[in-house]
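Visitor: sequence and predicted structure below; questions after.
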Amino acid sequence: MHSLRLKFIAFILSILFVLLLLLNTYPIISTRDAIFEEKRSSMSAQGSQVSSALSSLDSLSTAGVVDVLRFLELGNYSRLAVTDSAGKTIYDDGTDGREIPDIMPALEGKAVFRSVFSDAAFLSSITLPVGTENSIQGAVCLFETDAEPAKILITMQRQLTLLSLVIGCIAILIAVIFSYVVLRRLNDLTHSMHVVAGGDYSFRHNVRGRDEISELGTEFNQLTEHLELNELQRRRFVADASHELKTPLASIRLLSDSILQTENMDQETMREFLSDIEHEAVRLQGTTEKLLDLSRLDDDVQIVPEPVDLKQITLDALPSLIHLARQKTVRIETELIEGCVIMANAEDMRHVVYNLVENAIKYNVPEGSVAISLSSDESCVKLAVRDTGIGIPEEDQYNIFTRFYRVDKARSRESGGSGLGLSIVHDVVQAYGGTITVGSNKPRGTVFIVSFSRPSSEQTGI
């Protein structure tokens, strides 16, 4: 974080340096150029006045130049020099030591202006031809040394420098404070990540403010909450799976030990014990198969969907449930229409139908009923399983698809339920892009509705 802080401060200082450089150069250059332009305008007017006056002479001479200049009202110039057509100086009233510039261009008919900012003054000169375009008699050069604008420019430069220093110090202070505040919040977030990475999924980051870092903290808390929930579900899954496997194994071991330790056990008792062992083995096998199904769904094994007729799947699943329905004295009623075809896997859909109908039978009441219906429209295909059983409380409906979740644990264990069937149904339905909802079947019982999008004829080939 110290490196990031230095990089952040260096970035701010780089931007500040560029801005202060512009602040200290652009106004000065603009003001200087404006002064140059003003000098050019005023000195061009004065130089043209002198050149025109001297052009009226028949020939340039020192006496003639002096007589002409006596009648001219010139501005505040520091020196005036005149040369003849050969470039020889015939008049010069200055002693500043500067050579007369641009004589040759002036003798060729060109006016040349020069101005420099040097020695705390603007040193300007303009050289113009004297005479007409066809007959140039010589050249005149005006010099000016102006310190007043220079003082203003120097004062401005000092003020801008002082202002830049103040702004720079304030900006550095703000950058340091801002980087400290921001990076401290990032440090806090990093600390929270380390805590969670250490396994404390109950930890929550203290979110302050409403900026991007706060949004990052909120997302982190949501992720941590999700991790905590997954961890709780994993632990509960491991515990419940161990218990579900341990219970029938313990029963099998107990029954087998009883057979081995009992001498001369009668055949009826022996058959009863073996029947119980078979029942526990079937229960163990069912739980194991469901765990394998869930493992396959968790691994997201890709299965190529194919056209599946839900009516035929339902008819194929019912024979294996008839015996259980007779034991529970539950009627199975069907209302299955043709053309309910979806894109899925036939074996997965058989699990969906079997588990929903099996639960409807197990948790029904004597002389109750289970109604299975298929319906479809242009957009979707629906499978509904309604029962007249004990129902599911509204507060438990949100959790029934959680693995090993049981509404009535005692009754579920009595009926042989593992709490995995609805989890398998939920995961299978979602895997094929469907939805499943649960509600109350008025006036009594529960209804599960599974919906799938109706595939196009190109998909099904029908």
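Guide: Looks like it came in fine.
Visitor: what count of nearby residues applies to Ile449?
Guide: Ile449: 16 surrounding residues under other CB atoms under 10 Å. Placement of C-beta: from N, CA and C, glycine included.
Visitor: correct me, but it touches Asn441?
Guide: No. If you go by CB atoms under 8 Å, Ile449 and Asn441 don't touch, sitting 10.5 Å apart.
Visitor: got any residues that touch both of those two?
Guide: Listed contacts common to Ile449 and Asn441 are nil; contacts here mean CB atoms under 8 Å, 6 or more residues apart in numbering.
Visitor: in this protein, where's the longest helix?
Guide: Looking across the chain with DSSP state H, the single longest helix is helix 2-55.
Visitor: show me what secondary structure element comes after that one.
Guide: Downstream of helix 2-55, the next assigned helix or strand under DSSP states H and E is helix 62-71.
Visitor: what's the domain layout of this structure?
Guide: 2-155, 212-296, 302-460 (automatic domain parsing).
Visitor: ranking the ones you listed by mean pLDDT, which is last?
Guide: Ranked by mean pLDDT, the domains of the chain bottom out at domain 212-296, with a mean of 75.
Visitor: how distant is that domain from the center of its chain?
Guide: The chain centroid and the centroid of domain 212-296 are separated by 42 Å under CA atoms, centre = their mean, to the nearest Å.
Visitor: Ser192: which of the domains of the chain is closest?
Guide: Nearest to Ser192, of all the domains of the chain, is domain 212-296, at 6.6 Å by CB to CB.
Visitor: show me the contacts for the residue nearest to Ile167 when sequence neighbours are not counted.
Guide: The shortest distance from Ile167 to any non-neighbouring residue, by CB to CB, 6 or more residues apart in numbering, is to Leu20 (6.7 Å). Each residue near Leu20 by CB under 8 Å, 6+ apart is listed here: 164, 167-168.
Visitor: need those residues in a markdown table (columns: pLDDT).
Guide: Conversion of the contacts of Leu20 to a markdown table gives the following (pLDDT from 0 to 100):
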| residue | pLDDT |
| --- | --- |
| Ser164 | 85 |
| Ile167 | 86 |
| Gly168 | 84 |
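Visitor: now that we have the residues you listed, which one has the most neighbours?
Guide: Using other CB under 10 Å as the neighbour test, the contacts of Leu20 are led by Ser164, with 17 neighbours.
Visitor: so what's it up against?
Guide: Ser164 touches 20, 23-24, counting by CB under 8 Å, 6+ apart.
Visitor: and it, what element?
Guide: helix 148-197.
Visitor: packing partners for the helix or strand just after that helix?
Guide: Counting by DSSP H and E, the next helix or strand C-terminal to helix 148-197 is helix 212-261. Packed against helix 212-261 by the contact rule (3 or more CB pairs under 8 Å, 6 or more residues apart in numbering; DSSP states H and E) you find helix 148-197, helix 267-298.
Visitor: and of the ones you listed, who's closest to Phe220?
Guide: helix 148-197 (6.6 Å).
Visitor: from the chain's centre, how far out does that closest one sit?
Guide: 28 Å.
Visitor: contact partners of stretch 321-332?
Guide: Outside stretch 321-332, the residues that reach it (CB under 8 Å, 6+ apart) are 318, 354, 357-358, 361-362, 364, 366-370, 372.
Visitor: would you mind listing which of those residues are buried?
Guide: Neighbour counting by 16 or more other CB atoms under 10 Å classes 318, 354, 357-358, 361-362, 364, 368-370, 372 among these as buried.
Visitor: what about the residues you listed, which are in helices?
Guide: 354, 357-358, 361-362.
Visitor: ok, Arg331 to Ala371 distance?
Guide: Note on Arg331: its distance to Ala371, by CB to CB, to the nearest Å, is 9 Å.
Visitor: okay, the two: which has more neighbours?
Guide: A direct count of neighbours by other CB under 10 Å for Arg331 and Ala371 places Ala371 higher, at 18 against 15.
Visitor: got a list of what the more buried one touches?
Guide: Neighbour list for Ala371: 333-335, 384-387 [criterion: CB under 8 Å, 6+ apart].
Visitor: give the PyMOL command for selecting the buried subset of the residues you listed.
Guide: The command below creates a PyMOL selection of those among the contacts of Ala371 that count as buried (16+ other CB under 10 Å):
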select buried, resi 384+385+386+387
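Visitor: closest one to Glu378 out of the contacts of Ala371, please.
Guide: Closest to Glu378, out of all of those and judged by CB to CB, is Ala384, at 18.3 Å.
Visitor: quick check: the closest one is in a strand.
Guide: Yes. Counting by DSSP: H, G, I helix; E, B strand; the rest coil, Ala384 is found in a strand.
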